[in-house]
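> below: sequence and its predicted model.
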Amino acid sequence: MEQKQPAQVFKPCRTAIVAALLWDCAALVPGIVLLAVYHKTLLQTAVGVVACLFGLASFFSSWQVLRTHILVTPEGIASANPSHSWGIHWNEVSDVLIRSRPKGTQIRRADRLVVLKGRSEQMLPLNTSVLSQSDEEALLTSIRSRVRCRVSEVVDGPFG
């Protein structure tokens with residue numbers, strides 16, 4: 001009887017959660033301060049409201065990314081969080097692009113996004129920057145070993 005390989009589940013690491021919260025608070029806290037303390041003029045109030053809205057939008061975006069888990073099985077790969085899930089079979093992958101930015105939002109670490117493209121033009125984006133470095137390397141190794149197409153890597157210019 002053939003033994004099936006167990007599925008691998010990759011979850012965001014704690015440092016990514018802390019970094020995302022700090023990044024989101026960078027806009028939210030000044031907005032709250034502007035609204036609470038320096039609300040004497042219409043411009044200060046407007047800047048405070050915009051900063052709060054930007055911080056909240058950033059927080060909700062981070063919340064979605066940090067709740068996403070990546071599932072790798074012998075049949076395919078999937079990205080899932082409580083509000084949605086989608087995946088692609090390994091034999092349907094026609095192109096893989098690994099896009100990285102050397103100086104991303106996390107200190108001492110590159111931002112990396114892996115995009116798997118299917119034959120029917122479906123795309124599966126995976127934000128691997130939120131994984132621990134060992135999980136990220138394990139995921140990239142797993143993807144490279146299972147796809148039959150070429151894996152392209154693009155390094156963008158430095159952030160900032």
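Great, that's in hand. Because the structure is predicted, anything quoted here is derived from the model rather than measured. Numbers count the residues shown, from 1 in each chain.
> C-alpha only now, for contacts and for neighbours.
Will do.
> all strands for the chain, in order.
Along the chain, counting by DSSP state E, strands occupy 8-10, 69-72, 76-81, 84-89, 93-101, 111-118, 123-127, 151-155.
> for the residue nearest to residue 29 when sequence neighbours are not counted, grab the count of nearby residues.
Using C-alpha to C-alpha, 6 or more residues apart in numbering and skipping residues adjacent in sequence, the residue nearest residue 29 is residue 52, 7.6 Å away. Using other C-alpha atoms under 10 Å, residue 52 has 23 other residues around it.
> mean pLDDT and distance to residue 63 added to the strands of the chain, as a markdown table?
A markdown table is the format used below for those (pLDDT from 0 to 100; distance: least, C-alpha to C-alpha, whole Å):
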| stretch | mean pLDDT | distance to residue 63 |
| --- | --- | --- |
| strand 8-10 | 92 | 16 |
| strand 69-72 | 94 | 12 |
| strand 76-81 | 92 | 10 |
| strand 84-89 | 91 | 13 |
| strand 93-101 | 91 | 21 |
| strand 111-118 | 91 | 17 |
| strand 123-127 | 92 | 13 |
| strand 151-155 | 90 | 26 |
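> these: which one's closest to residue 23?
Across the strands of the chain, residue 23 has its closest neighbour in strand 111-118 (13.9 Å, C-alpha to C-alpha).
> which helices and strands does the closest one pack with?
For strand 111-118, the elements it packs on are strand 93-101, strand 123-127, judged by 3 or more C-alpha pairs under 8 Å, 6 or more residues apart in numbering; DSSP states H and E.
> quick one: it to strand 151-155, angle?
Comparing the axes of strand 111-118 and strand 151-155 via axes from the mean of the first three to the mean of the last three C-alpha atoms, to 10 degrees yields an angle of 150 degrees.
> got the CA positions of strand 111-118 in PDB?
C-alpha atoms of strand 111-118 as PDB (Å, rounded to 0.1, in the frame of the first residue of the first chain):
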ATOM      1  CA  ASP A 111       9.800  41.200   0.700                       C
ATOM      2  CA  ARG A 112       8.900  38.300  -1.500                       C
ATOM      3  CA  LEU A 113       5.800  37.500  -3.500                       C
ATOM      4  CA  VAL A 114       5.400  34.200  -5.400                       C
ATOM      5  CA  VAL A 115       2.900  34.100  -8.300                       C
ATOM      6  CA  LEU A 116       1.800  30.800  -9.800                       C
ATOM      7  CA  LYS A 117       0.100  31.100 -13.100                       C
ATOM      8  CA  GLY A 118      -2.200  28.300 -14.500                       C
END
